[in-house]
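# below are the sequence and a predicted model for it; my questions follow.
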Amino acid sequence: MIKNIIKNITQLLGFSSSSKNDKLQFPDNSMVKTLLVIDDYVPYYDKSSGSKRLFELLKLFREIGFNVIFFPEDGKATLPYYDDLRNLDIEVLVNTPGVKNITLLKQRLDTIDYAWISRPALNYKYQKLLRRNTKTIFDTVDLHYLRMLRQAENQSDAKLKKKALKTKKLELGLAVSSNATIVVTEIEKNILKEEGIQNVSVIPNVHETVPILNKISFKDRKGLLFIGGYKHDPNIDAVTWLINAIMPMVWSELGDIPVYLLGSDPPEEVLALASEKVIVPGYLNDVSSYFLNSRVFIAPLRYGAGMKGKIGQSLEFGLPIVSTAIGIEGMNLTDGLNVLSADDSLEFSRKIVLLYNNEELWSKINQAAYDSIQSYSPENVKAQLQELFTAII
């Protein structure tokens, strides 16, 4: 249905996306437009949700016909991620001996038609550099000011609240000055609309169901699983709350079941949580065995914003989830139907015990998880991107 709407709109405006190959076509008959993508570094797709989303979007940009130039702010050709982009036929502007990547970018400004810039700081820095006829797209990744306000409220931090309000002013200003503003959930879109921002589109995380040949049964699974990059404060807060406040009640009911705290860059305060019952392995190249063998995924996030990649990743594997309202925000998940949700430590522990012991409930949520992930498939997100660029054109 979405594709038919796009087709009708584009025909009315004098250009179309080809039904044969899903590539955008432009009214000036130029078949190839150049899209500049700017982020802090090449996407570390196996280390953070934001990087995973951007890497999937880069693949979709190529599929719909853009020539893509990627500009990593740090200028580094970090492997294997640099090679992965080059294998997609994406030009990556990195520092070379005697030449900074910003020089390479300035040399290409006349060739850039669109600029997709991640996060507020990079938008503030690079929007000024681009030509006036370059259409700019502000990808918030998540609404930073919203996440900061929630953290300030959670921690009763007046200084952080003041900083959040300053960030809000910056983000809203960037949204006004951009041709399009990208959020990952309808909730954030509505928040921006209430602030008077109209040029907002939702481009969510991209997820696919993981094919499982030998599905492991409920009875053969054991333990609780969490995953998250620990350079992100909400994840540190989540696991600290989990181990110190929630798990003592769970262990008293279920015995010493293991808890796996996966994720890159665990700081000392997370490493200090490790014990015989709490496993903190640090970065792992392949985490699939944990999703296939654990019985319940837990995401006790008390603040944050946007789509949580960890929730989507668990849905990909059909692993039933216990999370907070913040954790499942914007993903059309319903407590008791395709997820269990709780916001205080006692109720959270009760939900874990219930799901861990109840095979019938576990199986129901397991099946519903697969159904929930379909709206975030590459095909659906590609259609949303086509609609976005059609509107910008």
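Nice, I can see it.
# going by C-alpha atoms from here, please, whenever you check contacts or count neighbours.
Noted.
# residue ranges for the strands of this structure, please.
Assigned by DSSP state E, the strands in the chain fall at 34-39, 67-72, 91-92, 114-118, 135-139, 180-183, 200-202, 224-227, 259-262, 278-282, 296-299, 321-323, 340-341.
# shaky segments in the stretch 101-250 of the chain?
The model of the stretch 101-250 of the chain has pLDDT under 70 over residues 213.
# repeat that with 80
For the stretch 101-250 of the chain, applying pLDDT under 80 flags the ranges 211-214.
# residue boundaries of the helices in it?
Assigned by DSSP state H, counting those that start in this stretch, the helices in the stretch 101-250 of the chain fall at 101-107, 120-126, 144-155, 158-177, 186-194, 233-241, 247-254.
# would you convert those into a markdown table that also reports mean neighbour count and distance to residue 73?
Shown next, in a markdown table, are those (neighbours: other Cα atoms under 10 Å; distance: least, Cα to Cα, whole Å):
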| stretch | mean neighbour count | distance to residue 73 |
| --- | --- | --- |
| helix 101-107 | 15 | 8 |
| helix 120-126 | 17 | 8 |
| helix 144-155 | 18 | 19 |
| helix 158-177 | 17 | 19 |
| helix 186-194 | 17 | 26 |
| helix 233-241 | 19 | 22 |
| helix 247-254 | 16 | 40 |
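# export those helices to a markdown table and tack on distance to residue 344?
Compiled in a markdown table, the helices of the stretch 101-250 of the chain are given as follows (distance: least, Cα to Cα, whole Å):
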| stretch | distance to residue 344 |
| --- | --- |
| helix 101-107 | 48 |
| helix 120-126 | 32 |
| helix 144-155 | 13 |
| helix 158-177 | 23 |
| helix 186-194 | 22 |
| helix 233-241 | 10 |
| helix 247-254 | 12 |
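# residue 85: which of these is closest?
helix 101-107 (16.1 Å; Cα to Cα).
# measure stretch 299-307 end to end?
13 Å (Cα to Cα, to the nearest Å).
# and if you look at stretch 227-241?
End-to-end for stretch 227-241, by Cα to Cα: 14 Å.
# mind putting the strands of the chain into CSV with distance to residue 81 and mean neighbour count?
Below are the strands of the chain laid out as CSV (distance: least, Cα to Cα, whole Å; neighbours: other Cα atoms under 10 Å):
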stretch, distance to residue 81, mean neighbour count
strand 34-39, 13, 21
strand 67-72, 11, 23
strand 91-92, 11, 20
strand 114-118, 18, 23
strand 135-139, 21, 25
strand 180-183, 24, 24
strand 200-202, 26, 21
strand 224-227, 21, 24
strand 259-262, 21, 23
strand 278-282, 19, 17
strand 296-299, 27, 26
strand 321-323, 30, 27
strand 340-341, 35, 24
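# to residue 368, which of the helices of the stretch 101-250 of the chain lies closest?
Nearest of the helices of the stretch 101-250 of the chain (Cα to Cα): helix 186-194, 21.1 Å.
# run the angle between that closest one and helix 158-177 for me.
80 degrees (axes from the mean of the first three to the mean of the last three Cα atoms, to 10 degrees).
# so which elements touch helix 186-194?
strand 200-202 (3 or more Cα pairs under 8 Å, 6 or more residues apart in numbering; DSSP states H and E).
# who touches the strand it packs on?
180, 181, 182, 183, 184, 185, 186, 189, 192, 193, 384, 388 (Cα atoms under 8 Å, 6 or more residues apart in numbering).
# looking at the strands of the chain, which is nearest to residue 102?
Shortest distance between residue 102 and the strands of the chain, using Cα to Cα, is found for strand 67-72: 8.4 Å.
# neighbouring contacts of that closest one?
32-42, 58, 61-62, 90-94, 101, 105.
# one more time with 6 Å
Residues outside strand 67-72 that contact it (Cα atoms under 6 Å, 6 or more residues apart in numbering) are 33-42, 90-93.
# mean confidence for that strand?
What strand 67-72 shows for mean pLDDT is 98.
# angle of that strand against strand 114-118?
Counting by the same axes, to 10 degrees, strand 67-72 points 30 degrees away from the direction of strand 114-118.
# strand 34-39 and strand 67-72, what's the angle between them?
Using the same axes, to 10 degrees, strand 67-72 lies at 20 degrees relative to strand 34-39.
# kindly check the end-to-end length of stretch 88-105 for me.
Terminal residues of stretch 88-105 lie 19 Å apart, using Cα to Cα.
# roughly how far out does it sit from the chain middle?
Mean C-alpha position of stretch 88-105 versus that of the full chain (Cα atoms, centre = their mean, to the nearest Å) differs by 26 Å.
# which residues touch that stretch?
68, 69, 70, 71, 75, 76.
# do stretch 172-179 as well
Outside stretch 172-179, the residues touching it (Cα under 6 Å, 6+ apart) are 135, 136, 137, 181.
# now for the nearest residue to the first one once chain neighbours are set aside: which residues touch it?
Read it as residue 135. The shortest distance from residue 135 to any non-neighbouring residue, by Cα to Cα, 6 or more residues apart in numbering, is to residue 114 (4.7 Å). Residues in contact with residue 114, defined by Cα under 6 Å, 6+ apart, are 35, 134, 135, 136.
# so the second one touches residue 110, yeah?
No - applying Cα atoms under 6 Å, one finds residue 134 not in contact with residue 110, separated by 8.9 Å.
# of these two, who's got more company?
With neighbours defined as other Cα atoms under 10 Å, residue 134 and residue 110 compare such that residue 134 has more, 18 against 12.
# for that one, give me its contacts.
113, 114.
# what separation do you get for it and residue 57?
20 Å.
# residue 392 too?
17 Å.
# neighbour count: the two, which is higher?
Using other Cα under 10 Å, the more surrounded residue of residue 392 and residue 57 is residue 57, with 20 against 14.
# residue contacts, the residue lying closest to the more buried one once chain neighbours are set aside?
Using Cα to Cα, 6+ apart and skipping the chain neighbours, the partner closest in space to residue 57 is residue 206 (7.7 Å). Residues in contact with residue 206 (Cα under 6 Å, 6+ apart) are 376, 377, 378.
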